[in-house]
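Novice: After the sequence you'll find the predicted model.
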Amino acid sequence: MSSLEQYLQLYHAEKQRIAAGSCAPLNALREEQLALLEKHGLPTKRNEEYLYTDVEAALAPDYGVNLNRSVPAIDPYQTYRCAVPNLSTWLYFVVNDVVMPSEGHAAPLPEGVVVETLCQAAAKKTDFIAKFYHRAAGKNYDGIAAINTLLAQDGILVHISKGVQLKKPIQIVNVSAAKNDLMMNRRILVVVEEGAQGSILLCDHAEGEQNHLSTQVVEVFAAPHAQLDIYSIEETKSTNTRFSNLYTEQAAESNISYTNVTLTNGNTRNRAEFRLLGENAKVEARGALMTDAEERVDNYLLVDHAVPQCTSEMLYKYVINGKSTAAFTGKVLVREGAQKSLSEQINANLLASPEARVLTQPMLEIYADDVKCNHGSSIGKMDENALFYMRQRGIAEQEARLLLQQAFVNEVLNHVKMEQLRDRLTHLVEMRFRGELSPCQGCKMCR
Amino acid sequence: MLEIKNLHASVEGKEILKGVNLTIGDGEVHVLMGPNGSGKSTLSHVLVGNPKYTVTEGSITFNGKDLLELSPEDRSHEGIFMSFQAPIEIPGVSMTNFLRAAVNAKRKYFGEEPIAAGDFLKMLKEKRKLVGLDAHFMSRGVNEGFSGGERKRNEIFQMAVLEPKFSILDETDSGLDVDALRIVAEGFNLLRTPQTSAMVITHYQRMLDYLKPDFVHVLVNGQIVKEGDASLGYAIEEKGFDWIKEELK
């Protein structure tokens, strides 16, 4: 049986239970996704977007699925008590793929800001969820997004109303904590209305010794003049396989920044599609990763300049150690008529071990003639002259290597606007390089 | 303090030093002169243990210790400092973090606790004044975006912070205008004590004026061929090296 067949069989056998544990706007899309999956299947390595991730192999193990929506018997607000020093957030937990009750824990949100489960929201405003759910993720067929949409039963809605300026970040902590092998299908929908501003911090953690597979689809809709900063931090472990798909759609004059940091993981595939649909929209996408041992990370980016005068900036920096593999694919599509598009893409890699592997593939596809697009990628080793300079000053070789590696990714972290978060991330990266970052001992991101 | 005996060294298989003998006592400043390619920088790099250079013969003793047995970082802890001819840029590692790592590494070597944050910043401030280095350089990456003159000042500043026993100044004066040269040389002079010594590589009379060296050595083709007091330096400044080469024939 192929990997795909086991999911299709699961769906056929359990469609009533899946629907019963979900709600109308989500259920409405399942049959269509089923048909698409049957027609197109899962991506293979023949698919240019999936050259560096073996989806078939990643989805092959027989994971359980929590169809009954049983709520894990833990209070995450106790177990994973979180407080980034000096950084207070509106905090929500998703344990496995269940959105945990936040009543009595999260302080009341400001007026005009809603964070609730998709199905809670659907009960009040079905049309709203139906309007946005899977609208961005469904534009281009993707096998992972299709499986997620076929099976996902709930998720989180973040809705920031017109003109609201959210001062604190909304933090969503995903914890993979199942005591059995489990597949988790997570969903986040973010709607930022005209002129609204906010930030979202997504943290992925894992505990236990079991194998966990997560698929996550995050959709973000930014109305004119909206501004959103998205931070996505992964700190999982070797037993985790993660597929995370982010889709953003931006109206005129909107700004989105996205920062993706992979601290520890198993096998990760991050896909991000940014669609610039209104003039003068701007997206900044940055990533940092430091892989070690047998870790694998594959970042795929697509920026779609659909209209004139938009700006995209991409900066991804990798430090690759051990026998790990990291891949970067960055595709910038400038559509016909999208004049005055500005795009800059950089992927810089520091190969810190002879057995590590990096694959980098910048791509430009341009159908307009008055644009300015740059891209570049580099793969280098440690600067021996800098190492010696530091040793002459008394810094031990190992320490000098650590400082150089940190400095390399700090260029990405320095763009983080929130000072406390920037400091925290810098600290976590330092711990990671020192080998002092053990997988989630109760939400390290926050402690 | 330092005793170099019959030192032979090569880089990329090519022998550059061909039997150098040099003794430097406590509190002495020695100037090393010589034509381009004579081995001055090679000698400096061999003293600090640059792995690109291979010592094939001879010995170096530093305060009773066999220097060639020590790693570059341990040589630094023992008190050897080199002001680089071309200081290296290290983007992303701030001057403050760089120096804190260096200072604490030395303290650790001598079994001391890391320096307290307040003491460290106070010390940096005092030392910056010596060479007129502005505070904003401390948050920049090491030598990142520094002008040539600022880099050289930064070398002397680091020397002030690390308080070495023996300093090597490898053409620290090159690329400096007269004012910057004065600041660097005066800074260096302020750091001198009867217990500290230095080996200075220079081509310029002005540097001799400031440093008032005890000895001048001339290195030609990997060997020290002439030694004297400061007057030898002035003679070279006036007449070049050819007359020395003539004497050798």
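Specialist: Thanks, I have the structure now.

Novice: Can you tell me which residue of chain B sits closest to chain A?
Specialist: B:Gly92 (2.9 Å; C-beta to the nearest C-beta). (Each C-beta comes from the backbone N, C-alpha and C, glycine too.)

Novice: ok, now how distant is that residue from A:Ala251?
Specialist: 36 Å (C-beta to C-beta, to the nearest Å).

Novice: for A:Lys139, same thing?
Specialist: 15 Å.

Novice: The residue nearest the centre of chain B in helix, strand or coil?
Specialist: Central residue of chain B (C-alpha atoms, centre = their mean): B:Ile168, 1.8 Å from the mean position. Using DSSP: H, G, I helix; E, B strand; the rest coil, the structure places B:Ile168 in strand.

Novice: any idea of the mean pLDDT in the helix or strand harbouring A:Met184?
Specialist: Assigned by DSSP states H and E, A:Met184 belongs to strand A:182-192. Across strand A:182-192, pLDDT averages out at 97.

Novice: which other helices and strands contact that strand?
Specialist: strand A:64-65, helix A:126-132, helix A:143-151, strand A:156-160, strand A:170-176, strand A:197-206, strand A:212-222, strand A:227-235 (3 or more C-beta pairs under 8 Å, 6 or more residues apart in numbering or on different chains; DSSP states H and E).

Novice: residues of the second one that come out buried?
Specialist: The neighbour-count check on helix A:126-132 (16 or more other C-beta atoms under 10 Å in any protein chain shown) flags A:Phe128, A:Ile129, A:Ala130, A:Phe132 as buried.

Novice: any residues touching it, and which ones?
Specialist: A:Ala24, A:Pro25, A:Leu26, A:Ala28, A:Leu118, A:Ala121, A:Ala122, A:Leu157, A:Leu189, A:Val191, A:Glu219, A:Phe221 (C-beta atoms under 8 Å, 6 or more residues apart in numbering or on different chains).

Novice: what does chain B put close to chain A?
Specialist: B:48-52, B:71-73, B:76-77, B:81-82, B:84, B:87-93, B:97-99, B:101-103, B:105-106, B:109, B:141-142, B:158, B:162 (C-beta under 8 Å from any C-beta of the partner chain).

Novice: Run through who's touching stretch B:171-181.
Specialist: Residues contacting stretch B:171-181 (C-beta under 8 Å, 6+ apart): B:41, B:83, B:85, B:148-149, B:152-153, B:155-156, B:184-185, B:188, B:200-204, B:206-207, B:210.

Novice: mind running it again at 10 Å?
Specialist: B:40-41, B:44, B:82-87, B:131-132, B:147-153, B:155-156, B:159, B:182-185, B:188, B:200-204, B:206-207, B:209-211 (C-beta atoms under 10 Å, 6 or more residues apart in numbering or on different chains).

Novice: Would you mind giving me the ChimeraX syntax to select the buried ones in those?
Specialist: In ChimeraX syntax, the buried subset of the contacts of stretch B:171-181 is picked out as below (16+ other C-beta under 10 Å):
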select /B:40,41,44,82,83,84,85,87,131,149,150,151,152,153,155,156,159,183,184,185,188,200,201,202,203,204,207,210,211
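
Novice: Now go through the contacts of stretch B:171-181 and say which are in helices.
Specialist: B:40-41, B:44, B:131, B:148-153, B:155-156, B:159, B:182-185, B:188, B:206-207, B:209-211 (DSSP state H).

Novice: In chain A, which residue sits closest to chain B?
Specialist: A:Ala407 (2.9 Å).

Novice: where along the stretch 201-350 of chain A do the helices fall?
Specialist: For the stretch 201-350 of chain A, no helices are identified by DSSP state H, counting those that start in this stretch.

Novice: now do chain B
Specialist: B:40-48, B:72-78, B:95-109, B:117-131, B:148-162, B:178-191, B:205-211, B:230-239, B:242-248.

Novice: Export those as TSV, with columns for mean pLDDT and distance to A:Asn148.
Specialist: Converted to TSV, these look like this (pLDDT from 0 to 100; distance: least, C-beta to C-beta, whole Å):
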stretch	mean pLDDT	distance to A:Asn148
helix B:40-48	96	58
helix B:72-78	97	51
helix B:95-109	96	42
helix B:117-131	93	48
helix B:148-162	93	54
helix B:178-191	88	63
helix B:205-211	88	70
helix B:230-239	90	77
helix B:242-248	85	80
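
Novice: Which among those is found nearest to A:Arg271?
Specialist: For the helices of chain B, the distance to A:Arg271 is smallest for helix B:95-109, at 35.2 Å, taking C-beta to C-beta.

Novice: What is the closest one packed up against?
Specialist: Helices and strands touching helix B:95-109, by 3 or more C-beta pairs under 10 Å, 6 or more residues apart in numbering or on different chains; DSSP states H and E, are helix A:384-392, helix A:397-413, helix B:72-78, strand B:90-94, helix B:117-131, strand B:141-142, helix B:148-162.

Novice: Of all these, which one comes closest to A:Ala338?
Specialist: helix A:397-413 (26.9 Å).

Novice: If you count neighbours, what's buried in that closest one?
Specialist: A:399-413.

Novice: Tell me the first helix or strand C-terminal of that helix.
Specialist: On the C-terminal side of helix A:397-413, the nearest following helix or strand under DSSP H and E is helix A:419-433.

Novice: which strands and helices sit next to that following helix?
Specialist: strand A:227-235, strand A:255-264, strand A:282-291, strand A:311-320, helix A:397-413.

Novice: quick one: strands adjacent to the first one?
Specialist: In the sheet containing strand A:227-235, the strands it pairs with under DSSP bridges are strand A:197-206 (parallel), strand A:255-264 (parallel).

Novice: Over to the third one?
Specialist: Under the criterion DSSP bridges, strand A:282-291 sits next to strand A:255-264 (parallel), strand A:311-320 (parallel) in its sheet.

Novice: now that strand: mean pLDDT?
Specialist: 97.

Novice: and that strand with helix A:419-433, angle?
Specialist: Orientation check (axes from the mean of the first three to the mean of the last three C-alpha atoms, to 10 degrees): strand A:282-291 against helix A:419-433 gives 30 degrees.

Novice: pull the CA atoms of strand A:282-291 into PDB?
Specialist: Only the C-alpha atoms of strand A:282-291 are listed here, as PDB (Å, rounded to 0.1, in the frame of the first residue of the first chain):
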ATOM      1  CA  LYS A 282       6.000  44.300   1.000                       C
ATOM      2  CA  VAL A 283       7.100  41.000   2.400                       C
ATOM      3  CA  GLU A 284      10.300  40.100   4.200                       C
ATOM      4  CA  ALA A 285      11.100  36.500   4.800                       C
ATOM      5  CA  ARG A 286      14.000  35.400   6.800                       C
ATOM      6  CA  GLY A 287      15.200  32.100   8.100                       C
ATOM      7  CA  ALA A 288      18.000  30.700  10.200                       C
ATOM      8  CA  LEU A 289      18.800  27.200  10.900                       C
ATOM      9  CA  MET A 290      21.500  25.200  12.600                       C
ATOM     10  CA  THR A 291      21.300  21.600  11.900                       C
END
